[in-house]
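# sharing a sequence plus its predicted fold:
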Amino acid sequence: MRRTARVPALALAVALLLSACAEEPPAWPTQTAGPGRFEVRVLVERPALTALQSDIDRYVATRPVLVSWGGGTADDIAATVKQGYRISVVVLPSGPALDRIRDELVAPPTRLGTLGSQTYWAGSVDQYGLSLVRFLAGRTSQRVLRAQGFDVSS
Amino acid sequence: MVPEQLSAAPAPGAAGASADEAEASPRQTGPGRRRWWQAVPAGLRYSLAVYALTRVPVVAGTALFLRDHPGSTLESMAVTWDGYWYTHIARDGYSTSLRAPVAVVGAAHHTLSDWAFFPGYPLLIRGVAWLTRMPVVPAAIVAAAVLGVLAVWAVYALGEAHGGVRVARVAALLVAAWPGSAVLGLPYTEGLFLAAAGAALVCLQKRRWVVAGLLGAVASAARPNGLAVVAAAAVVAVLAVLADRDWRALLAPALSAAGAAAFVVYGWQRTGDPLVWRHAENLWQQRLDLNSSAIRGTVRLLSDLGTTMSSDVGRTDLGTSLLRLLGLLFVAAMVGAAWANRRRLSLPAAVYAAVSLAMILGYSSVGTRPRMVLTVLPGFVWLAAWLPRRVAIALALCLLPLLGVVAYLWGQDLTP
């Protein structure tokens, strides 16, 4: 019986250890803004992060939402989305990372403009991000982006 | 076929086995006098009767809900929660991406993933729909109802192997009366899983390695809890190899793991992500938290009872929390019963129960919800062996009204 009791105990320990082997997301929001309780998570490719920050501030100033955002490489952002972490909006340049997550978006990505040599797109991964993407593509936001160095001419 | 063999072959020293034989023998004096129902194994007959009786509160609860909510239908109740996903997979197949396409499931469901759901039951639904020419949802309900009987029968067989017919009967009664069994008539995997896992455990005890492996494969293709069957098979097989050089025993874990492995390979081939199931679990917020968020949620609901009781949502949430609490008490009782039965515990059942309990107690999203407690099959057997018969029957009778309550609240988004 003693052996019988040891084996389930060992199985339990192994099962718990296996369960604990959780991955960390490659990119994750690090800053928050807004008064709301409902959280919209945004990941932006690092070179565009500063330019988008003032846009996000403007967005939360008029809505009862909490936006948490952070930066990362395009590949890390795509990996985070592909690994099933709850992200509502991604801002990525044209390229393989955007192509990789195209099927994960709730609607086709929206073009924001060009920064340097890269064309940036905003994509909503779930329906909670649709409003922010619409806002980013809107006239007010485009003015802010232009001021931050984006070429928003289509 | 397998449970029939199992229940037909009582365990050595099964004291109660003679009761069934005694019941059957006077009528079997000649082939002409054999009643038609005697062709059905005694275990199945009993399981069918218990299952039918315990469905009365489920039907009553469902009927009351439909009366109180004129817009609802049986079909809309069936495709609440996971039922939606199983019938969606049976109808549309799995997505090629992690998140299900908006065009197929709509924007709200796109937030989630069909890859969190194992393919065993959707495949069966598809098979039943094809055979019967029924639409997917009714086919899913029919399949679930039949599998529900088989699940109770598997518990009967497990009980019979543990302690004879008396234990078998009480265990079958307890599992059928347990509030989580409300899902046995809904498009959920529990029926398939419990039937396969219970029968696999009995086969492991009887060292029928190939049959155990095949049943284990069905279980591991039906639910992640199939891991518990694989673990049980692996431990038993390793001991069989070490003690008797019985290399054939390794077929049991190898075949058992094949069900889940096939799903992983298919997911990899379809999405390009070998860990798509694991990533889908992230999307469903399945995280190891030792049930802490469930406990916090219950405390929050109970500490502001006035607000909780003021809305349908609050009352349903409270119902869910109280059922979790009941599940926790039941799990504690199962552990106590295991201790009381410690000299008679079979190794596969003990390993299976330990891994199942680890899953339940590790994750809030799984938790001690009644339908999750249902997966700890050996626990029902140990309780049946431990409790005096009258106490066990009284307990089952007390649980019956709760079955009806669960069926009613199901329509109000209760997560059983």
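Okay, I see it.
# what about the helices in chain A?
Here chain A has its helices, by DSSP state H, at A:2-20, A:46-61, A:74-82, A:96-101, A:130-137, A:139-147.
# mean pLDDT and distance to A:Trp28 for those helices - can I get that in CSV?
(C-beta placed from N, C-alpha, C; glycine too.) CSV is the format used below for those (pLDDT from 0 to 100; distance: least, Cβ to Cβ, whole Å):
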stretch, mean pLDDT, distance to A:Trp28
helix A:2-20, 56, 19
helix A:46-61, 90, 13
helix A:74-82, 96, 7
helix A:96-101, 96, 16
helix A:130-137, 94, 17
helix A:139-147, 90, 24
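# chain B: which of those helices is closest?
Distance to chain B, taken as Cβ to the nearest Cβ, is lowest for helix A:2-20 among the helices of chain A, at 3.6 Å.
# not counting residues beside it along the chain, what's closest to A:Ala74?
Leaving aside its chain neighbours, A:Ala74 sits nearest to A:Ala97 (3.6 Å; criterion: Cβ to Cβ, 6 or more residues apart in numbering or on different chains).
# okay, now that neighbour: neighbour count?
Applying other Cβ atoms under 10 Å in any protein chain shown, we find 20 residues neighbouring A:Ala97.
# again with B:Ala262
15.
# do the helix or strand that contains it and chain A meet at all?
Assigned by DSSP states H and E, B:Ala262 belongs to helix B:251-271. No. Using Cβ under 8 Å from any Cβ of the partner chain, we find that helix B:251-271 stays clear of chain A, coming within 8.9 Å at best.
# and the angle from that helix to helix A:74-82?
120 degrees (axes from the mean of the first three to the mean of the last three Cα atoms, to 10 degrees).
# now what about helix B:251-271, what contacts it?
If you take Cβ atoms under 8 Å, 6 or more residues apart in numbering or on different chains as the criterion, helix B:251-271 is touched by B:94-98, B:115, B:118-120, B:200, B:204, B:209-210, B:212-214, B:216-222, B:224, B:226-227, B:229-230, B:233-234, B:236-237, B:273-274, B:276-277.
# for A:Arg111, which non-adjacent residue is spatially closest?
Nearest to A:Arg111 is A:Trp121, by Cβ to Cβ, 6+ apart, at 5.7 Å.
# what residues are up against the one you found?
A:Val91, A:Leu92, A:Pro93, A:Ser94, A:Leu98, A:Pro109, A:Thr110, A:Arg111, A:Leu112 are the contacts of A:Trp121 under Cβ under 8 Å, 6+ apart.
# same thing but at 7 Å, please
A:Leu92, A:Ser94, A:Leu98, A:Pro109, A:Thr110, A:Arg111, A:Leu112 (Cβ atoms under 7 Å, 6 or more residues apart in numbering or on different chains).
# same thing with B:Gly367?
B:Asn291, B:Ala294, B:Arg324, B:Ile360.
# going by distance to chain A, which of these wins?
B:Ile360 (10.8 Å).
# hang on, isn't the closest one packed against B:Met372?
Yes. If you go by Cβ atoms under 7 Å, B:Ile360 and B:Met372 touch, sitting 5.2 Å apart.
# how close does A:Gly138 sit to chain B?
20 Å (Cβ to the nearest Cβ, to the nearest Å).
# wondering if stretch A:36-49 reaches chain B at all.
No. Using Cβ under 7 Å from any Cβ of the partner chain, stretch A:36-49 never reaches chain B; the gap is at least 12.2 Å.
# contact partners of that stretch?
By Cβ under 7 Å, 6+ apart, stretch A:36-49 touches A:27, A:29, A:52, A:56, A:64-74, A:77, A:80, A:86-93, A:115-116, A:120, A:128-129, A:132.
# in strands only, show me those residues.
Among the contacts of stretch A:36-49, the ones falling in strands (DSSP state E) are A:66-72, A:89-93, A:115, A:120.
# name the nearest of the residues you listed relative to B:Asp317.
The closest of the ones in strands among the contacts of stretch A:36-49 to B:Asp317 turns out to be A:Leu66 (Cβ to Cβ; 22.8 Å).
# was I right about that closest one contacting A:Ile56?
No. Using Cβ under 7 Å, A:Leu66 makes no contact with A:Ile56, being 11.0 Å away.
# those residues of the stretch 151-300 of chain B touching chain A, which are they?
B:Ala231, B:Val235, B:Asp273, B:His279, B:Ala280, B:Asn282, B:Leu283, B:Arg287, B:Leu288.
# mind doing that once more with 8 Å?
B:227, B:231, B:235, B:273, B:275, B:278-283, B:285, B:287-288.
# most neighbours among those, which one?
Result: B:Ala231 is most packed of those (other Cβ under 10 Å), 27 neighbours.
# chain neighbours aside, what residue packs nearest to that one?
Here the residue nearest B:Ala231, using Cβ to Cβ, 6+ apart, is B:Val355, at 4.7 Å.
# wouldn't the one you found be in contact with B:Ala233 here?
No. In this structure, B:Val355 is not within contact of B:Ala233 by Cβ atoms under 8 Å, at 11.2 Å.
# report how many residues lie close to A:Phe38.
Neighbours around A:Phe38, by other Cβ under 10 Å: 11.
# okay, and the beta partners of the residue most central in space within chain A?
The centroid of chain A falls nearest to A:Leu43 when counting by Cα atoms, centre = their mean (3.1 Å). For A:Leu43, the beta-bridge partners are A:Gly70, A:Val90 (DSSP bridges).
# any idea how far it lies from chain B?
Relative to chain B, and taking Cβ to the nearest Cβ, A:Leu43 is found at 15 Å.
# same question, A:Trp121
A:Trp121 is 17 Å from chain B, by Cβ to the nearest Cβ.
# show me the beta-bridge partners of that residue.
Going by DSSP bridges, A:Trp121 forms beta bridges with A:Leu92, A:Arg111.
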